[in-house]
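[1] my questions concern the predicted model and sequence given below.
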There are 2 protein chains.
Amino acid sequence: MVTARDVAERAGTSTAVVSYVVNNGPRNVSPATRDRVLLAAAELGYRPNALARALSHGRTSSIGLVVPDIANRFFGELARALEEAAGARGNLLLIGDSGLDLVREKSHIAAFVDRRVDSVVVVSLQDSPDLSALHAAEIPVVALHPVPETIGASTISIDYEAAAYAAVRHLIDHDYETIAVLNGPSESAGAQQHWQGAARAAAESGSVVIEHLHSEFARADAAQLMLDRLARPERPRAIYCSTDEQAYGVLFACHRLGLAVPRDIAVSGFDGTEHSGYSTPPLTTVAQPIQEIADRAIEILASNTSDIPVQEIVPYTLVVRESCGVHAH
Amino acid sequence: MVTARDVAERAGTSTAVVSYVVNNGPRNVSPATRDRVLLAAAELGYRPNALARALSHGRTSSIGLVVPDIANRFFGELARALEEAAGARGNLLLIGDSGLDLVREKSHIAAFVDRRVDSVVVVSLQDSPDLSALHAAEIPVVALHPVPETIGASTISIDYEAAAYAAVRHLIDHDYETIAVLNGPSESAGAQQHWQGAARAAAESGSVVIEHLHSEFARADAAQLMLDRLARPERPRAIYCSTDEQAYGVLFACHRLGLAVPRDIAVSGFDGTEHSGYSTPPLTTVAQPIQEIADRAIEILASNTSDIPVQEIVPYTLVVRESCGVHAH
DNA sequence: CTGAAAGCGCTTACAG
DNA sequence: CTGAAAGCGCTTACAG
């Protein structure tokens, strides 16, 4: 590959000047010299080596992202939004897919440290992720879900508890008296908040019977669990799911069992990707403001003037569609 | 961060020896020295700087991936499989999401060149992608769809034409006499093959009437197009879609218009991700061997003894489910 | 405005 | 088996 030295020789100058021209600084260069360098660079097809630049400059202009499952639409949309926000500031987003595996989550974090990313955005599999490697390397982190304060990371997310409360409250307003909460694994991020919000809504109503179920986040797991559950007597009239993926699994189980949604069973989801509007039937769901979350996350990381973690709450939207029944009020 | 120099000092040796120990070579180190280095490294929490290593070593141990749309399940599953295959060989996969935008596709390729990835796997938006930047940097490429021979890249993919033929042939065997082909944009990768395969099957049958439609790959676009098309008279009895995403859009349009699948309209998809088994109704589709494609792609790039591009065809599977109707033979 | 030189943190011939 | 030194390709004080 062609180096700054090659360009300098052809332009009859030094590598320092080549650097000043390519980076528009930090020193001024006379217009004539500048033109010669630009011409030489263009003729040679010079592309600065990002590794060398990062090594001497001390910044890689890259941001690491850890997600539980890149094949999940929600994280796909999130990754895209983050990549755009990062790109707008000249940063490259490195995506690390945990594949629902804790070991891989950890190894991605290690790889990010080794490659000296400037900062990391994390959506962990766990309630309380291990960020020690990041802290040791003094790499700022923002988590996109609530984490314990003691963990020392910035946080930006919706209020899961409030969103769960609102969604279940909505089901109760439809006069559904028996409600199942299909949650993720109990240690998973947000699981507690989903259950607490739902339980609070049920308790408030007095009469509603609520039941707590757990499945993996994968559509197939949720489907299997619900095929079993719905075959048993006393099935719930409505199901609140902690992710859209699980809700699609429920929709599938209902279809398979000949149960009509929402006539026999009402369903609500959580995350609100574009796809939630295209299921059969379209899904009532809690929509997360993906764009806003992404923009703010990158902004927080960019303007990291202090080391003090910030905690931010962004608003969710309850999107009411067919799957929860005809609007009752 | 702690450097090799820090470790060397604590172990009472040189950075060269630290390197030999950490990398298990290329020189031998006496057991005693080795233990001292390992101990010092552990105590200090030493992590070699991957940038510096890459700069001096000349390899980054990273592979770039360009996909049209990471939020599309098919590419999500593909990215995961590639990441695993790459990781198994000690390589990191860098994912570049084009977001269905040619400019971004190009800028990701440029970013990969700048970061000196060892090789690139590309799924382009175009039939005939611009790989000149990669060629100039002598970075080997493998495309996961057919590209013109002249482009000088290795290729590994199913035989799209044959798969399209088989799927449409299957619809014809169901005695559907009017078939629509819902293709992607006309310049998109594979579009020609889809149409040619479908047209060949129709021509062979003699009596079947076939029509060619184009939509973007997004579910929403396909849905909108079909809402319009199916509202017109003389609607087709069956629809062959060039991606599962488009098929889901068709399913949605049918649901919205009160048309039952497969009773009123039969639908088939293409790609065959895990989700195709969970739609309403489950989707007949052409399944691509994602794992095999990923493994072979990484293998080809790893064992790049020659610069001669290789062209490989892997087998597809026609997965018959409810959406195309009760099995006719 | 410009050049020679040091330095980023590694790896690897080259001597010993 | 081990160390001093050069080199990977940049950036940036430091002189002039």
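    Right, received. Where do you want to start?
[2] so what's the one residue in the stretch 151-300 of chain A that gets nearest to chain B closest to, chain neighbours aside?
    Nearest residue of the stretch 151-300 of chain A to chain B (Cβ to the nearest Cβ) works out as A:T280 at 4.0 Å. Placement of C-beta: from N, CA and C, glycine included. Among residues not flanking A:T280 along the chain, B:T280 sits closest, at 4.0 Å (Cβ to Cβ, 6 or more residues apart in numbering or on different chains).
[3] A:I298 too?
    Spatial nearest neighbour of A:I298, excluding adjacent residues (Cβ to Cβ, 6+ apart): A:A85 at 4.0 Å.
[4] quick revisit: what about the residue nearest to A:T280, neighbour count?
    Residues near B:T280, counting by other Cβ atoms under 10 Å in any protein chain shown, number 22.
[5] which secondary structure element contains it?
    Assigned by DSSP states H and E, B:T280 falls within no helix or strand.
[6] ok, A:R321 touching A:Y278?
    No: the pair A:R321 / A:Y278 is not scored as a contact, 10.3 Å apart, by Cβ atoms under 8 Å.
[7] who touches A:V181 in this structure?
    By Cβ atoms under 8 Å, 6 or more residues apart in numbering or on different chains, A:V181 lies in contact with A:168, A:194-195, A:198-199, A:210-213, A:239-240, A:242.
[8] one more pass at 7 Å, please.
    A:194-195, A:198, A:210, A:212-213, A:240 (Cβ atoms under 7 Å, 6 or more residues apart in numbering or on different chains).
[9] same question for A:A88.
    Contacts of A:A88 (Cβ under 7 Å, 6+ apart): none.
[10] just the ones of the contacts of A:V181 in helices?
    When DSSP state H is applied, those are split such that A:194-195, A:198 fall in helices.
[11] closest to DNA strand C among those residues?
    A:H194 (42.7 Å; Cβ to the nearest atom of the strand).
[12] how close does A:V122 sit to DNA strand C?
    24 Å (Cβ to the nearest atom of the strand, to the nearest Å).
[13] that residue: what's its closest spatial neighbour, skipping adjacent residues?
    A:V66 (4.6 Å).
[14] so how far is A:T3 from the residue nearest to A:T280?
    Distance of B:T280 to A:T3, computed by Cβ to Cβ, to the nearest Å: 58 Å.
[15] for chain A, identify the residue most remote from the centre.
    A:G12 (49.4 Å; Cα atoms, centre = their mean).
[16] now the contacts of A:V181 in JSON lines, with pLDDT, distance to A:S157 and neighbour count?
    Putting these into JSON lines (pLDDT from 0 to 100; distance: Cβ to Cβ, whole Å; neighbours: other Cβ atoms under 10 Å in any protein chain shown) gives the following:
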{"residue": "A:H194", "pLDDT": "97", "distance to A:S157": "13", "neighbour count": "27"}
{"residue": "A:W195", "pLDDT": "97", "distance to A:S157": "17", "neighbour count": "20"}
{"residue": "A:A198", "pLDDT": "98", "distance to A:S157": "18", "neighbour count": "26"}
{"residue": "A:I210", "pLDDT": "96", "distance to A:S157": "24", "neighbour count": "21"}
{"residue": "A:H212", "pLDDT": "97", "distance to A:S157": "22", "neighbour count": "14"}
{"residue": "A:L213", "pLDDT": "97", "distance to A:S157": "23", "neighbour count": "18"}
{"residue": "A:Y240", "pLDDT": "98", "distance to A:S157": "19", "neighbour count": "35"}
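[17] was I right about A:G64 contacting A:D118?
    No: if you go by Cβ atoms under 7 Å, A:G64 and A:D118 don't touch, sitting 8.8 Å apart.
[18] count of neighbours near the one residue in the stretch 51-200 of chain A that gets nearest to DNA strand C?
    Going by Cβ to the nearest atom of the strand, DNA strand C is nearest to A:S56 of the stretch 51-200 of chain A, at 3.2 Å. Here the number of neighbours of A:S56 (other Cβ under 10 Å) works out to 10.
[19] quick one on the thing from earlier: which one of A:G64 and A:D118 has more residues nearby?
    Using other Cβ under 10 Å as the criterion, A:G64 and A:D118 rank with A:G64 on top: 26 against 19.
[20] what about the residue lying closest to the more buried one once chain neighbours are set aside, which helix or strand?
    Leaving aside its chain neighbours, A:G64 sits nearest to A:F112 (3.7 Å; criterion: Cβ to Cβ, 6+ apart). Assigned by DSSP H and E, A:F112 belongs to helix A:102-114.
[21] what does A:V121 give?
    Going by DSSP H and E, A:V121 is in strand A:119-122.
[22] returning to that earlier point: higher neighbour count, A:R321 and A:Y278?
    A:Y278 (21 against 16).
[23] give me every residue that touches that one.
    B:219, B:223, B:248-249, B:252.
[24] check contacts around the residue in the stretch 101-250 of chain A that DNA strand D sits nearest to.
    Going by Cβ to the nearest atom of the strand, DNA strand D is nearest to A:R116 of the stretch 101-250 of chain A, at 12.9 Å. Counting by Cβ under 7 Å, 6+ apart, A:R116 touches A:54, A:60, B:49, B:51.
[25] assign A:A220 to helix, strand or coil.
    helix (DSSP: H, G, I helix; E, B strand; the rest coil).
[26] got a pLDDT number for it?
    At A:A220, the model reports a pLDDT of 96.
[27] burial count for it?
    If we define neighbours as other Cβ under 10 Å, then A:A220 has 16 of them.
[28] ok, it - contacts?
    Contacts for A:A220 (Cβ under 7 Å, 6+ apart) come out as A:249, B:274.
[29] could you rerun that using 8 Å?
    So A:A220 contacts A:249, B:274, B:277-278 (Cβ under 8 Å, 6+ apart).
[30] over to A:N72?
    A:217, A:243, A:245, B:76.
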